[in-house]
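S.K.: 3D model of this:
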Amino acid sequence: MKDLIKVQSLNTDLATLLLRLIFGGMFVYYGFMKAAHYETIAPMFQDIIGIGAKLSFNLVIFAELVCGFLVLIGLLTRFAIIPVFITMIVAYFIAHANDSFDVKAIAFVYMLLCLVIFILGSGKYSADAVLFGKSSDKSEK
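M.R.: Below you'll find the model as predicted:
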């Protein structure tokens, strides 16, 4: 009976890879769409944090496209997730502050996923593991 109740992860590194691929892929897509339609979207982008609308928009593109790609491949994942997390904080608490939760729910979900990715790191199947020999397998340490 004890064996039936025992809950065990099938493979944390595989789950981390899947999470990174989905999360990073979505942000690369969002960032690419913003960059591809820069001239159309930039004039509509507002200066909601006081650093200028163009700089704000460029930072969002950087966070989504560049940092999303780094998360996708698992390179410097914990550092790369920080700009994405900040972007989601601004989106949730400032840009959509007066909106209903239905409107800002996606920013909330991504904000929470940023925390999960930060905690998990890049995992065994990542560019970090290849380049720096990092692994979450405790038997190799």
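
S.K.: distance of residue 96 from residue 59?
M.R.: From residue 96 over to residue 59 the distance is 17 Å, taken as C-beta to C-beta, to the nearest Å. Every C-beta, even on glycine, is put in place using the N, C-alpha and C of the backbone.

S.K.: nope, residue 33 is what I meant
M.R.: Separation of residue 33 from residue 59 (C-beta to C-beta): 16 Å.

S.K.: So for those two, which sits in the more crowded spot?
M.R.: Neighbours were counted for residue 33 and for residue 59 using other C-beta atoms under 10 Å; residue 59 has more, 17 against 14.

S.K.: Next, the more buried one: phi, psi?
M.R.: phi -70, psi -40 (degrees, to the nearest 10).

S.K.: and the gap between it and residue 65?
M.R.: In this view, residue 59 and residue 65 are 11 Å apart by C-beta to C-beta.
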